[in-house]
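Colleague: no FASTA, just this:
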DNA sequence: GCCGTTTTCGGCCCGACTGTTTTCAGTCG
């Protein structure tokens, strides 16, 4: 039953996909996609309107779509879709997830070679039959195999940002149980890893069996893998595995430490415990022999570390990448926190491909308690994203100036996300960029250049005095697309030399630049800006993921540009790049 | 399939890149 606008929209998207495989008129296909977009953006109860067949007059939804949405909302079925689906095997849709495969090629593979699954495609690539098809050759086969490999490699992984709402909902429900004393999500989720294999819930209780049973009966659970007195494993609808461990309140800190990991961190920590004469496991310290004095109890995790004469190590740092040595020396960084953020750059509006207007974005930022919001809509090179030509950009600049007059505690900064062209030049002239408050420069095309060319391209952009920061540096899409060929070390050196910010893009699909590079970048003096790349007011919430990744990269408040207050950032932006 | 109209049919967003071709189709952003 279609009960939400999103469900209605997804049905229209599904139809569009099927029509695409059928080779229908592209404008008809676009009409379905536009219809889906209209449904999503409609300000009002569109589901009820659809049920009552009162959709007339909504832009993008003509008579054909009105009828279909009415049928869908009132009966929960759509005969048109059912018939359409019956024409193709279900496995065919998996092929859409592969880079380089669009509807035409999928159709050709299906028609000529009866390929209707990734397994069959892999086989046909290997045995040479794909290379024999018109339009396919040696290179396409290589690329397809590579795409399949990438997909298989990440088959059981989930992006942090997409799992987080579900994880927090389950945590909240567990907390509501009368027998649960403490609840935490441990594992890689707690460590802020960008992709996760599973979720590890931990609960302190005197009634473990009641909790494990309660866990398996949660509405989000679709199948039970195992359920015992202290441990249960389940699978959710999206395939994600979730484990629950129920322990006593005394064991809880030890279990939390143990299940948070990482494995490498724990190995190092256990070997340190042994030097004190104790073995350490998920239940507590145990003296190695009778002469060893009993260790004191630990009420929380920080006491476990204190007993081992270490500063408390934040979960994000527990990867055995120098954090134990730093904790021993008392030199752990004081990591940036979400509360430290005062604003953000790199956000879009309806002027290019965002969903909300300038006014709505500003209002949402103010609601979050931010003091400033940087707007960076796409430049003209991004046609598909409705990129701005100079005249529109200048009009937006005027609009921002006039809006800014209403506040004295908040400011919109006028920027752009300008394309870095193939040769490293920018999609706008210096004269135009000079008129803006700041500039994000990003790569959106020619992504297959060699490492040497790509590195030179980004360095050229960084050397431009008007480029404040580089957007989504490596172009990676988590679980989907690798980063461009790029010499990160050279880019980091150049960022430090030129005073160019490297953005930490906290869109859950990107989380780019990767946390593994930030510690060394920081030590070379590179500053970041934690940017949500928001295309909707809701996306400002992504800042929380960005802060997790920044913490994972050992970043402190002073390493993050957008922790500066409105006054500080205004002064900073007013200075020439070389003098900041 | 939608929209808009000098009102019922014609236009609908475009360019770069890649790999396949030898002039272009398909994909992507």
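Modeller: Yes, it's here. Given the structure is predicted, the values throughout are model-derived calculations rather than measurements.
Colleague: so which bits of the stretch 51-200 of chain A are right by DNA strand B?
Modeller: A:58-66, A:99-106, A:131, A:134-141, A:143 (C-beta under 7 Å from any atom of the strand). The way it works is simple: take the backbone N, C-alpha and C, and place the C-beta from them, glycine included.
Colleague: select only the buried ones of these in PyMOL?
Modeller: Applied in PyMOL, the following selects the buried portion of those according to 16 or more other C-beta atoms under 10 Å:
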select buried, chain A and resi 58+60+61+65+66+101+103+105+106+131+136+140+141
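Colleague: skipping its backbone neighbours, what lies nearest residue A:452 in space?
Modeller: Of all residues not flanking residue A:452 in the chain, residue A:487 sits nearest, at 7.8 Å (C-beta to C-beta, 6 or more residues apart in numbering).
Colleague: neighbours of the one you found, how many?
Modeller: 16 (other C-beta atoms under 10 Å).
Colleague: phi, psi for it please.
Modeller: phi -90, psi 90 (degrees, to the nearest 10).
Colleague: contacts only, for it.
Modeller: A:451-452, A:455 (C-beta atoms under 8 Å, 6 or more residues apart in numbering).
Colleague: remind me which residues of the stretch 201-350 of chain A are low pLDDT?
Modeller: A:290, A:292 (pLDDT under 70).
Colleague: repeat the analysis, applying 90 as the threshold.
Modeller: The model of the stretch 201-350 of chain A has pLDDT under 90 over residues A:219-241, A:250-251, A:261-268, A:270-299, A:307, A:320-322.
Colleague: whichever of the contacts of residue A:487 end up buried, select them in PyMOL.
Modeller: The buried residues among those can be selected in PyMOL (16+ other C-beta under 10 Å) with this line:
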select buried, chain A and resi 455
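Colleague: isn't residue A:515 right up against residue A:555?
Modeller: No: contact criterion C-beta atoms under 8 Å: residue A:515 and residue A:555 do not qualify, at 9.0 Å.
Colleague: so between these two, which is more surrounded?
Modeller: Between residue A:515 and residue A:555, residue A:555 has the larger neighbour count (other C-beta under 10 Å), namely 26 against 21.
Colleague: what pLDDT is listed against the more buried one?
Modeller: With respect to pLDDT, residue A:555 scores 98.
Colleague: repeat that for the one 5 residues further on.
Modeller: pLDDT, the model's per-residue confidence, is 98 for residue A:560.
Colleague: likewise for residue A:106?
Modeller: For residue A:106, the predicted pLDDT is 90.
Colleague: likewise residue A:141?
Modeller: Confidence score, pLDDT, at residue A:141: 89.
Colleague: likewise residue A:2?
Modeller: pLDDT recorded at residue A:2 is 61.
Colleague: grab the nearest non-local neighbour of residue A:524.
Modeller: residue A:496 (4.4 Å).
Colleague: element containing the one you found?
Modeller: helix A:488-498 (DSSP states H and E).
Colleague: now for residue A:67, how many residues are close by?
Modeller: Residue A:67: 14 neighbours (other C-beta under 10 Å).
Colleague: tell me how far residue A:241 lies from DNA strand B.
Modeller: Computed as C-beta to the nearest atom of the strand, to the nearest Å, the residue A:241 to DNA strand B distance reads 29 Å.
Colleague: hang on, that residue packs against residue A:226?
Modeller: No: using C-beta under 8 Å, residue A:241 and residue A:226 do not qualify as a contacting pair, with a distance of 10.5 Å.
Colleague: overlap in contacts of those two?
Modeller: Shared contacts of residue A:241 and residue A:226, counting by C-beta under 8 Å, 6+ apart, come down to residue A:233.
Colleague: neighbour count: the two, which is higher?
Modeller: When neighbours are counted by other C-beta under 10 Å, residue A:241 comes out ahead of the other of residue A:241 and residue A:226, with 17 against 11.
Colleague: which residues touch that one?
Modeller: A:197-199, A:225, A:233-235.
Colleague: need the residues of the stretch 451-580 of chain A near DNA strand B, please.
Modeller: Looking at DNA strand B, the residues of the stretch 451-580 of chain A close enough under C-beta under 7 Å from any atom of the strand are A:477, A:481.
Colleague: just the helices in the stretch 451-580 of chain A please.
Modeller: A:451-463, A:488-498, A:518-523, A:543-552, A:566-574 (DSSP state H, counting those that start in this stretch).
Colleague: remind me which residues of the stretch 451-580 of chain A are low pLDDT?
Modeller: In the stretch 451-580 of chain A, residues with pLDDT under 90: A:479-485, A:578, A:580.
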